[in-house]
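Q: curious how this folds, go ahead:
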Amino acid sequence: MVEERKDKREEDKKIKKESALKKFLKKRSFIYLMAAVFFVVFIVPDMIAQNDVGVVVWVIPSTAPEMPPLELPVSELTDEQNTSWNIIKSYKGTDDDGFNLFDTIITQIENAYPSEKILKHNDTMLTVSVEEAARSAGHAFYEVHFTFKTYNAVHEYIWNVNIETEEIIPLNDGARKMMNIVEFYD
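A: Predicted structure coming up:
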């Protein structure tokens with residue numbers, strides 16, 4: 001009989017431990033649910049919305065089977081912002097022949113990761129932002145940022161675009177390098 005009592009005590013302890021775990025989860029499930037709702041309601045819209053200073057930012061996860069042509073949400077663009085992004089995307093150099101700037105960037109990034117399909121990787125993120133940089137004498141300059149984030153590196157390209165003359169000025173070394181490739185390797 002003594003042995004039976006020991007067995008019953010051990011079974012009672014196991015039951016109490018299970019119920020304590022259930023109580024723990026029940027008490028905190030509301031907190032986890034509220035954290036998820038907060039993220040969806042407040043954080044996700046900020047990732048795609050236009051902020052108050054006229055900067056439009058798009059974050060495009062590249063998890064598609066193939067790289068999309070990167071069309072940005074037109075509803076958030078002003079005509080000038082759309083024009084400046086299209087000037088960057090379609091720039092083919094001074095001779096207007098050969099590869100365009102966007103295809104060159106994508107090709108260079110794919111060449112940097114030859115053994116993997118980096119554009120299909122879940123951690124790969126493309127970010128494009130367009131903001132008005134300056135306006136003088138009827139000319140509007142827009143600053144276009146193109147950021148390509150992978151699991152182990154970040155590549156950022158920044159240009160100033162004059163939408164009146166369609167002049168593109170590279171502002172960092174990455175942008176300058178890509179423009180040189182477009183200019184000289186056609």
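Q: just the helices in this structure please.
A: Assignment of helices within the chain using DSSP state H yields the ranges 2-38, 44-48, 79-90, 101-112, 173-184.
Q: domain ranges for this structure, per the record?
A: Here the domain assignment for the chain is 1-48, 53-184, based on automatic domain parsing.
Q: out of the helices of the chain, which is the most enclosed?
A: Highest mean neighbour count among those (mean count of other Cβ atoms under 10 Å): helix 79-90, with a mean of 19. From N, CA and C alone the C-beta is placed, and that goes for glycine too.
Q: follow-up on the earlier one: dump the helices of the chain into TSV; add mean pLDDT and distance to L119 as well.
A: Formatted as TSV, these follow (pLDDT from 0 to 100; distance: least, Cβ to Cβ, whole Å):
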stretch	mean pLDDT	distance to L119
helix 2-38	71	29
helix 44-48	70	20
helix 79-90	84	16
helix 101-112	85	7
helix 173-184	89	17
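Q: which one of those helices lies closest to A137?
A: helix 79-90 (15.7 Å; Cβ to Cβ).
Q: can you spell out which helices and strands pack onto the closest one?
A: Packing contacts for helix 79-90, counted by 3 or more Cβ pairs under 8 Å, 6 or more residues apart in numbering; DSSP states H and E, involve helix 101-112, strand 125-136, strand 139-149, strand 154-162.
Q: just the angle between it and helix 173-184, please?
A: Put simply, helix 79-90 runs at 60 degrees to helix 173-184, going by axes from the mean of the first three to the mean of the last three Cα atoms, to 10 degrees.
Q: tell me what the closest residue to E167 other than its chain neighbours is bridged to.
A: Leaving aside its sequence neighbours, E167 sits nearest to V161 (Cβ to Cβ, 6 or more residues apart in numbering; 7.4 Å). In this entry, V161 is beta-bridged to Y142, I168, by DSSP bridges.
Q: surely V161 touches F141?
A: Yes - at 6.8 Å, V161 and F141 qualify as touching, with contact defined as Cβ atoms under 8 Å.
Q: more crowded one of the two?
A: V161 (26 against 18; other Cβ atoms under 10 Å).
Q: for the more buried one, what are its contacts?
A: Going by Cβ atoms under 8 Å, 6 or more residues apart in numbering, V161 touches S84, I87, I88, F141, Y142, E143, V144, E167, I168, I169.
Q: tell me how far it lies from N86.
A: 10 Å (Cβ to Cβ, to the nearest Å).
Q: from the chain's centre, how far out does stretch 98-106 sit?
A: Counting by Cα atoms, centre = their mean, to the nearest Å, stretch 98-106 is centred 19 Å from the centre of its parent chain.
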